[in-house]
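Asks: sequence and predicted structure are below.
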2 protein chains.
Amino acid sequence: MTDFAATKSLFHIPEGIIYLDGNSLGMLPKTAANRAKEMIEKEWGEMLIRGWNEAKWMEQPERVGNLVARLIGAAPGTVVMGDTLSIKVYQALASALEMRPDRKVVVSDNGNFPTDLYMADGLIKSLDKGHVLKTPNPEDVESLINEDLAVLMLTQVDYRTGRMHDMKRITELAHAAGALVIWDLAHSAGAVPVDLAGCNADFAVGCTYKYLNGGPGAPAFIYVRPDHAKVARPALSGWLGHAAPFAFDPDYTPAPDVSRMRVGTPPVIQMTVLEEAMKAWDGIEMSDIRARSIELCEQFIAGVEASCPMLELASPRDAERRGSQVSFKFDQGYAVMQALIARGVIGDFRAPDVIRFGFTPLYIDNADVDGAVKILAEIMEAKAWDKPEFHKRNAVT
Amino acid sequence: MTDFAATKSLFHIPEGIIYLDGNSLGMLPKTAANRAKEMIEKEWGEMLIRGWNEAKWMEQPERVGNLVARLIGAAPGTVVMGDTLSIKVYQALASALEMRPDRKVVVSDNGNFPTDLYMADGLIKSLDKGHVLKTPNPEDVESLINEDLAVLMLTQVDYRTGRMHDMKRITELAHAAGALVIWDLAHSAGAVPVDLAGCNADFAVGCTYKYLNGGPGAPAFIYVRPDHAKVARPALSGWLGHAAPFAFDPDYTPAPDVSRMRVGTPPVIQMTVLEEAMKAWDGIEMSDIRARSIELCEQFIAGVEASCPMLELASPRDAERRGSQVSFKFDQGYAVMQALIARGVIGDFRAPDVIRFGFTPLYIDNADVDGAVKILAEIMEAKAWDKPEFHKRNAVT
């Protein structure tokens, strides 16, 4: 059983803060800053260009990919790091569409994070081959799985509500109809158990700055099923996805595995911080994380519903159908969240009316949940949203 | 006049090293490691998600873009940072091809860095509209500028030889033929004066880990001519290129300027290190850099030609046609470079037979050049390439 007091001690917790936004940006592992400084001074500063060999920077995207792979049910050698989640979505969809040339329908859902839909739209416009992107309500996705479907592209856990798709069932249905499936694990990796290999998923992508605590702008990951990884054509055919990048061959030959999804020079400093952050996951089983996450979420829901009758639960009540976050609806949600932040309880707001709280077992405990409930109840009781200062909009809300 | 002793003092110079590879990975600015540590601890650690507003992470790609813009003859607000150079090449070419829908020819040259050609090839395969990528010898590019040409995509300074295209002349010729031009400034930004606005260039891209010293994997940049930036459709239509990313609008509306070329969440740690590194350029005029670069290159050529008769100059002899590097050909070039590195003189090797030396005026001086010439001469005199240890291949060569 995981010792969550021990994992909490690995993170820097700012004085007076209850941080329920690790599903947006994870907290700082205490050793990350010194590791960054050390890498910059000893590797970049001293080794200079030799760092690519001597400090093994070149292999880092695969090395860190293996650390992520363990948490998402993927075999070693099937996940590679790099770029941003948006780019990885594009890569997966571009490859998948070429594998189903006779089909023109892409299905996602209207709860998918906008960038996934924007990237798909951009790709479809570039291809100009009559593809159509359909975005039904999340609960209606299955009704669109049929022989026209080329690719099903879903974020497993809805960023607004925490509603979770049944990955195994949906993947099976799509495969039975001859389609491919791309799973976006942005709110899954490090949050809920994922079994990509067991589900036979075709592609998966995700980010590492949420539950994996890689820091702002940490690199994304992509998983490609091993049989696809041998044949999927990389649309973004960058030199580091080449089978032999340093041959400087005029022709592009992709690497024989998921490394073909590498594109350009990896962000070594950012990748090093992520690699350091991944140490917090050493020996952690996702089943422990899940049990603890459910406990914390249930405690929060019960507490809020008992003390804040004006807030309406926007997340599934059934814990099995919910990721590691809890959302409530309230028409003054923006101001309520600003009031919470002013009191040190940090969650976030998602337009038009959702206040969202992420529960990250590595560093959130029962006392945090109690504290957050108490402050939220006080704000609701005091109708704090009436104060004009809580309506001032930030650039990033 | 720039005080180059003062700029040299801003960088960490490892003991016993003469570093002539700043055209591959720039040296470490002394303040970068502490700035990274400070940003990680005080911004990520303390502000957490609030850093996007409070530490102005969200505006950083444009803010740093303005620092780069000054060095490449671009107006403020026309350059934005992010992703890798490979991705930026793809973005520029995808937008440019859509702006010339009736033309099917893309011209580059066979001295372009492979990733540019690979990315173009990948895009052309995805589009599947009959585009052709032509890669003549660099000196034959002009002969392919005609009414069939959609986009001319060139790296201004050849990564192997340092040969420099005449940006103004070639851009004018291409425009006269109705084509668009994309300039890759990988070996130009911070190396030679560039006047994008004066040349009326359509798009430009580049990296920041070479002459701009942003560190391994530092973010790339893209310039889009202001009139194009209002209309060019971003193929990689990520949420942070949206006119209002935090509206979470289901439909994609691009930002009204170069910010539409932003894609996903920017690498804040890496961007912060780059922003710190850019301080070395405060008040520096590229004309001073150019004069000093020519002085150093000429000194090196004269010294090597006087003492190493077996080495054949692979760079243009005319300084006006050469970037800030000098290359020599030698069939045992790989082993010679390994022998040099073993003696502390770091340049690099480019297959099949080029040894390459970059001259970065911010931290390389005449004594470094003399020292490098002396050691190279000793290696050539001793036929050091006969030793087997210098033939061992590294992963990154």
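Replies: Yep, that arrived.
Asks: domains of chain A?
Replies: Per automatic domain parsing, the domain ranges recorded for chain A read A:4-30+A:285-391, A:32-281.
Asks: and the lengthiest strand in chain A, what does it pack onto?
Replies: Longest strand in chain A by number of residues (criterion: DSSP state E): strand A:149-155. Where contact means 3 or more CB pairs under 8 Å, 6 or more residues apart in numbering or on different chains; DSSP states H and E, strand A:149-155 is packed against helix A:85-99, strand A:105-107, helix A:114-127, helix A:167-176, strand A:180-184. In short, each C-beta sits where N, CA and C put it, glycine included.
Asks: could you dump the ones you listed to a markdown table with mean neighbour count, distance to A:S327 and mean pLDDT?
Replies: Putting the helices and strands packed on strand A:149-155 into a markdown table (neighbours: other CB atoms under 10 Å in any protein chain shown; distance: least, CB to CB, whole Å; pLDDT from 0 to 100) gives the following:
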| stretch | mean neighbour count | distance to A:S327 | mean pLDDT |
| --- | --- | --- | --- |
| helix A:85-99 | 26 | 21 | 98 |
| strand A:105-107 | 24 | 24 | 98 |
| helix A:114-127 | 23 | 17 | 98 |
| helix A:167-176 | 17 | 21 | 98 |
| strand A:180-184 | 27 | 18 | 98 |
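Asks: and of these, who's closest to A:A33?
Replies: Nearest of the helices and strands packed on strand A:149-155 to A:A33, taken as CB to CB: helix A:85-99 at 24.3 Å.
Asks: before we move on, back to that, taking strand A:180-184 as reference, get the angle to the longest strand of chain A.
Replies: Inter-element angle recorded for strand A:149-155 and strand A:180-184: 10 degrees (by axes from the mean of the first three to the mean of the last three CA atoms, to 10 degrees).
Asks: parallel or antiparallel, list what pairs with strand A:149-155.
Replies: Strand pairing for strand A:149-155, determined by DSSP bridges: strand A:105-107 (parallel), strand A:180-184 (parallel).
Asks: now do it: distance to the chain's middle.
Replies: Offset of strand A:149-155 from its chain centre (CA atoms, centre = their mean, to the nearest Å): 17 Å.
Asks: contacts for it?
Replies: A:89, A:92-93, A:96-97, A:100, A:103-109, A:111-113, A:116, A:120, A:131, A:141, A:145, A:165, A:170, A:174, A:177-187 (CB atoms under 8 Å, 6 or more residues apart in numbering or on different chains).
Asks: can you give me the helices in chain A?
Replies: Secondary structure of chain A (DSSP state H): helices located at A:4-8, A:32-38, A:51-54, A:60-71, A:85-99, A:114-127, A:167-176, A:196-199, A:226-229, A:268-277, A:286-307, A:333-342, A:366-381.
Asks: just the closest residue of the stretch 51-200 of chain A to chain B, please.
Replies: A:T84 (2.7 Å; CB to the nearest CB).
Asks: thought that residue was touching B:G241?
Replies: No. Counting by CB atoms under 8 Å, A:T84 stays clear of B:G241, with 11.4 Å between them.
Asks: now for those two: what residues contact both?
Replies: The contact sets of A:T84 and B:G241 overlap at B:V263 (CB under 8 Å, 6+ apart).
Asks: contact partners for A:S293?
Replies: By CB under 8 Å, 6+ apart, the residues touching A:S293 are A:A191, A:V192, A:S324, A:F359, A:P361.
Asks: if you skip the residues just before and after it, what's nearest to it?
Replies: Closest residue to A:S293 apart from its sequence neighbours, by CB to CB, 6 or more residues apart in numbering or on different chains: A:S324 at 4.3 Å.
Asks: which residues touch A:A74?
Replies: A:V68, A:L196, A:A197, A:A204, A:Y223 are the contacts of A:A74 under CB under 8 Å, 6+ apart.
Asks: that older thread, pLDDT for the contacts of A:S293 - can I get that in JSON lines?
Replies: Output for these, formatted as JSON lines (pLDDT from 0 to 100):
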{"residue": "A:A191", "pLDDT": "98"}
{"residue": "A:V192", "pLDDT": "98"}
{"residue": "A:S324", "pLDDT": "98"}
{"residue": "A:F359", "pLDDT": "98"}
{"residue": "A:P361", "pLDDT": "98"}
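Asks: can you pull the contacts of A:V157?
Replies: Applying CB under 8 Å, 6+ apart to A:V157 gives the contacts A:R163, A:M164, A:H165, A:A186, A:H187, A:S188, A:A191, A:V192, A:G323, A:S324, A:Q325.
Asks: could the helices of chain A go into CSV alongside distance to B:S315?
Replies: CSV is the format used below for those (distance: least, CB to CB, whole Å):
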stretch, distance to B:S315
helix A:4-8, 56
helix A:32-38, 37
helix A:51-54, 24
helix A:60-71, 33
helix A:85-99, 35
helix A:114-127, 38
helix A:167-176, 55
helix A:196-199, 50
helix A:226-229, 41
helix A:268-277, 29
helix A:286-307, 55
helix A:333-342, 58
helix A:366-381, 62
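Asks: excluding sequence neighbours, find me the nearest residue to A:T31.
Replies: Nearest residue to A:T31, sequence neighbours excluded (CB to CB, 6+ apart): A:E276, at 5.8 Å.
Asks: any idea how far the one you found is from chain B?
Replies: Look at A:E276 and chain B: by CB to the nearest CB, to the nearest Å, they are 10 Å apart.
Asks: who's in contact with the residue nearest to the spatial centre of chain A?
Replies: Among the residues of chain A, the one closest to the centroid is A:A186, at 1.5 Å (CA atoms, centre = their mean). Contacts for A:A186 were tallied using CB under 8 Å, 6+ apart; they are A:L85, A:F113, A:T155, A:V157, A:Y159, A:G206, A:C207, A:K210.
Asks: need the phi and psi values for it.
Replies: With angles defined as degrees, to the nearest 10, A:A186 sits at phi -50, psi -40.
Asks: give me the number of residues near the closest residue to A:I17 other than its chain neighbours?
Replies: Nearest non-adjacent residue to A:I17, counting by CB to CB, 6+ apart: A:G344, 5.1 Å away. Neighbours of A:G344 under the rule other CB atoms under 10 Å in any protein chain shown: 15.
Asks: wait, which of the helices and strands packed on strand A:149-155 is closest to A:K383?
Replies: Nearest to A:K383 among the helices and strands packed on strand A:149-155 is helix A:114-127; the distance by CB to CB comes to 31.8 Å.
Asks: with just CA atoms, put that closest one into PDB.
Replies: The C-alpha atoms that make up helix A:114-127 are tabulated as PDB, following Å, rounded to 0.1, in the frame of the first residue of the first chain:
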ATOM      1  CA  PRO A 114     -10.900  22.200 -27.700                       C
ATOM      2  CA  THR A 115      -7.400  21.800 -29.000                       C
ATOM      3  CA  ASP A 116      -8.000  18.200 -30.000                       C
ATOM      4  CA  LEU A 117     -11.000  19.400 -32.100                       C
ATOM      5  CA  TYR A 118      -9.100  22.300 -33.500                       C
ATOM      6  CA  MET A 119      -6.200  20.200 -34.500                       C
ATOM      7  CA  ALA A 120      -8.500  17.700 -36.200                       C
ATOM      8  CA  ASP A 121     -10.300  20.400 -38.000                       C
ATOM      9  CA  GLY A 122      -7.000  21.900 -39.200                       C
ATOM     10  CA  LEU A 123      -5.800  18.500 -40.400                       C
ATOM     11  CA  ILE A 124      -9.100  17.800 -42.200                       C
ATOM     12  CA  LYS A 125      -8.900  21.200 -44.000                       C
ATOM     13  CA  SER A 126      -5.300  20.500 -45.100                       C
ATOM     14  CA  LEU A 127      -6.200  17.100 -46.400                       C
END
